[in-house]
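J.: Task: produce atomic coordinates for the following.
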Amino acid sequence: MNTYEIGKRYVELVIEGRREECLSTLFSQDAASVEAVEFPGRERTVKGLDGLRAKSKFFLDNNEVHKMEVFGPYPHDDRFIVRFVLEVTFKPNGQRRSIDEAGLFTVADGKITREEFFYPAA
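T.: Prediction:
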């Protein structure tokens, strides 16, 4: 698959809620995920599929997702961007919030090797 096809498949799987399939089929074993900021008690950069799985589980365990829109992919050479717009409730404190972020994904040898997230500063 080329970068656009990988991005398109990524978007399809995310929309369908098939995060594990997305990770296991589209990401390299040593992929990295990088947040724009470091959250308290969390690492800014997570490496490896197990780390990405744990990060995804943490998000889903701690947030009730009410609405999710996913836009893209927008490919450029070996990268693509996806925009995410979510409405979630943070379970530990019951606070509802909107999330509007973009992910930049880098592809090498047919796999996503890096995801970087961009969002307004809190």
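J.: Tell me which residues touch Ile99, please.
T.: By CB atoms under 8 Å, 6 or more residues apart in numbering, the residues touching Ile99 are 84-88, 119. For the C-beta atoms, the positions are set from N, CA and C on the backbone; glycine is no exception.
J.: Farthest-apart pair in those, please.
T.: Glu87 and Tyr119 (14.4 Å; CB to CB).
J.: can you map out the strands along the protein?
T.: Using DSSP state E, the strands found in the chain span residues 27-34, 45-47, 63-76, 79-90, 95-108, 111-118.
J.: The residue lying closest to Arg96 once chain neighbours are set aside - how many residues pack around it?
T.: The shortest distance from Arg96 to any non-neighbouring residue, by CB to CB, 6 or more residues apart in numbering, is to Thr89 (4.6 Å). By other CB atoms under 10 Å, the residues close to Thr89 number 15.
J.: mind listing what Thr89 touches?
T.: When the contact criterion is CB under 8 Å, 6+ apart, the partners of Thr89 are 63-64, 66, 95-97.
J.: now these: which count as buried?
T.: Buried subset of the contacts of Thr89 (neighbour count, 16 or more other CB atoms under 10 Å): Asn63.
J.: In the contacts of Thr89, find the pair that's most separated.
T.: Counting by CB to CB, the most remote pair of these is His66 and Gln95, 12.6 Å apart.
J.: Quick check: which of the strands of the chain is nearest to Leu13?
T.: Once the strands of the chain are compared by CB to CB, strand 63-76 is nearest, at 10.1 Å.
J.: So for that closest one, mean pLDDT?
T.: For strand 63-76, the mean per-residue pLDDT is 97.
J.: what residues does it touch?
T.: 3-4, 7-8, 10-11, 14-15, 80-91, 96, 105.
J.: change it to 10 Å
T.: By CB atoms under 10 Å, 6 or more residues apart in numbering, the surrounding residues in contact with strand 63-76 are 2-12, 14-15, 17, 59, 79-92, 94, 96-100, 102-105, 107.
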